[in-house]
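# Below is the structure, and that's it, no one-letter string:
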């Protein structure tokens, strides 16, 4: 069981885990995923993927991008689930699949509208700086600090 208040952390892909050049990780992203995984936080993805299949998407991601880092039930790609962000439906589906309360889910993205939609669905949201001003590396410590308050 995770030591964090948020048992499940969902990430956007573009400009959150990977940059404008989607074949490159955002600085610190791999480390954050490793740290959260080591702390037994369940990881997911909520991403608008147009009409790309997962195989097509994989070719556009870093060569070492591993879907197995994420709980397979918590990967919500718009091309697979038929709904895009910022629709509340995709966030509600993510919460349902997580099997925890909405408040135990955190959504991380650089996009203001998406983070607001996640909050409207009941999730906590972390709006991260764009990769050039990114603060993704601070996420794990911030989550630890928040857990100390509860």
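Ah, there it is. Bear in mind that the values here come from a model prediction, so they are computed numbers and not experimental data. Numbering: from 1, shown residues only.

# The closest residue to residue 63 other than its chain neighbours and residue 58: what is the separation?
Excluding the flanking residues, the one nearest residue 63 by CB to CB, 6 or more residues apart in numbering is residue 23, at 7.5 Å. The C-beta positions use only the backbone N, C-alpha and C, and glycine is treated the same way. According to CB to CB, to the nearest Å, residue 23 stands 11 Å off from residue 58.

# likewise residue 48?
Noted for residue 48: a distance of 16 Å to residue 58, by CB to CB.

# cool, residue 43 as well?
17 Å.

# Tell me which of the two has more neighbours.
Legend: neighbour count by other CB atoms under 10 Å for residue 43 and residue 58, higher for residue 43 (17 against 14).

# Let's see the pLDDT reported for residue 4.
Predicted confidence (pLDDT) for residue 4: 70.

# Test my guess that it contacts residue 42.
No: Residue 4 is beyond contact range of residue 42, at 10.4 Å (criterion: CB atoms under 8 Å).

# how about the strands in this structure?
Counting by DSSP state E, residue ranges of the strands within the chain are 8-11, 42-47, 75-77, 105-109, 124-127.

# pLDDT on the last one, on average?
Yep, that's strand 124-127 we're talking about. Across strand 124-127, pLDDT averages out at 91.

# Point out the other helices and strands that that strand packs with.
The contact analysis (3 or more CB pairs under 8 Å, 6 or more residues apart in numbering; DSSP states H and E) places strand 124-127 against strand 105-109, helix 112-120.

# Return the list of strands paired to the first one, each annotated with direction.
Right, the one you point to is strand 105-109. strand 8-11 (parallel), strand 124-127 (parallel) (DSSP bridges).

# Just give me the neighbour total for the nearest residue to residue 44 once chain neighbours are set aside.
Nearest non-adjacent residue to residue 44, counting by CB to CB, 6+ apart: residue 74, 2.9 Å away. Residue 74: 19 surrounding residues under other CB under 10 Å.

# How many residues are close by the closest residue to residue 136 other than its chain neighbours?
Spatial nearest neighbour of residue 136, chain neighbours left out: residue 28 (4.8 Å); criterion: CB to CB, 6+ apart. With neighbours defined by other CB under 10 Å, the count for residue 28 comes to 17.

# Alright, calling it a day.
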